[in-house]
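Novice: need coordinates for the below:
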Amino acid sequence: MIFLCFFFSGASSLVSGLVWLRVLALILGDTVSATTAVLAAILTGLALGGVLVGRIADRRPDPVLLYGALASATGVWGALIPSLLPAFARVSLGLGVSNYGFGLIRFGLVLLLLLPATAATGGMLPLLARAAGGGGAGVASRVGRLWAVNTLGAALGVAAAGYVSLPALGATATLYVAAALSVAVGLAAMVVGGRAGGAGAARFGPGGASGTREPARTRGPREGEGAPRSPVALALLSAIGLGAAAAMVYGRAWARVLALIIGNSTYAFTAM
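Specialist: Numbering: from 1, shown residues only. Here you go, the predicted structure:
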């Protein structure tokens, strides 16, 4: 059940991202700049949510329940965004600043608009990683399967939205569908988490959520917590960050080239 929820979380999140890109490109008037601002805002929110929720995930006795709350909050905020767009458009179009200053202010506005949803999305994986066992043998495999399921859902969701839902239903209806899906996922996860009770976290393995309980880690610091990171760890973290930056540069370049070939930036972003 939890794997299924995370699959649909991935689908709804990337569908929302695709719609945000399309709508904000119409408002901002520059597809390349809009894509850059939206992607930067989404990734900033994901990173912030991962850091903030990751700090408390190991101390939560109910990670699946909290995951459900975040998924529901993401859907609710996504449903509110269409009503906020007119005000966003008025502010964006009323800016009389230089191109450089406009770019910075535009990114700030997009970040404020999308941050609640993207930060909540970023906090989901740490919570489910905690529910996957928290540590010990096999945790890497379980978290890897979680990430694979979420990514597969995102790929299928954005393909369905880009090639089917957006042309047939339009941007607003597609965004509402994604929001409803996210709320439904959140409610289902809250039911699963609630059944585990407050005494322990729902733990799941390859077969999905189970009824076993894992005692919450509410006392005592985590191993190595508070200790300075070794130079090797810092080097690895820096390498991961640089690799992610390079991957995003590749992705933006591929999307630009595909847009020249396909002739539609939404289709190009979907294919990427």
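Novice: just for the stretch 101-250 of the chain, where's the confidence low?
Specialist: 101-103, 133-138, 196-229 (pLDDT under 70).
Novice: spell out the residue ranges of the strands in it.
Specialist: 200-205, 208-215 (DSSP state E, counting those that start in this stretch).
Novice: quick one, phi/psi of Gly170?
Specialist: phi 90, psi 170 (degrees, to the nearest 10).
Novice: which ones are touching it?
Specialist: Applying CB atoms under 8 Å, 6 or more residues apart in numbering, one finds that Gly170 lies in contact with no residue. Where C-beta positions appear, they are placed from N, C-alpha and C, glycine not excepted.
Novice: one more: Leu169?
Specialist: Applying CB under 8 Å, 6+ apart, the residues near Leu169 are Val177.
Novice: for Ala79, see how far away it is.
Specialist: 15 Å (CB to CB, to the nearest Å).
Novice: could you do Val139 as well?
Specialist: 35 Å.
Novice: which one's more surrounded, those two?
Specialist: Ala79 (17 against 14; other CB atoms under 10 Å).
Novice: how about the nearest residue to that one, chain neighbours excluded?
Specialist: Distances taken as CB to CB, 6 or more residues apart in numbering place Ala179 nearest to Ala79, at 4.0 Å, with adjacent residues excluded.
Novice: that neighbour touches Gly78, doesn't it?
Specialist: Yes. Using CB atoms under 8 Å, Ala179 makes contact with Gly78 at a distance of 3.9 Å.
Novice: overlap of the contact sets of these two?
Specialist: Joint contacts of Ala179 and Gly78 (CB under 8 Å, 6+ apart) are Ser12, Ser16.
Novice: let me see the mean pLDDT of the helix or strand where Leu48 lies.
Specialist: Using DSSP states H and E, the element containing Leu48 is helix 31-57. Here helix 31-57 scores 83 as its mean pLDDT.
Novice: which secondary structure elements does the helix or strand following it contact?
Specialist: Next helix or strand after helix 31-57 toward the C-terminus (DSSP H and E): helix 63-93. The contact analysis (3 or more CB pairs under 8 Å, 6 or more residues apart in numbering; DSSP states H and E) places helix 63-93 against helix 2-28, helix 31-57, helix 99-122, helix 124-131, helix 171-196, strand 200-205.
Novice: give me the mean pLDDT for helix 63-93.
Specialist: 88.
Novice: can you give me the angle that helix makes with helix 124-131?
Specialist: Angle, helix 63-93 to helix 124-131, by axes from the mean of the first three to the mean of the last three CA atoms, to 10 degrees: 170 degrees.
Novice: buried residues in helix 63-93?
Specialist: 63-79, 81-82, 85, 88, 92 (16 or more other CB atoms under 10 Å).
Novice: quick one: that helix to helix 171-196, angle?
Specialist: 160 degrees.
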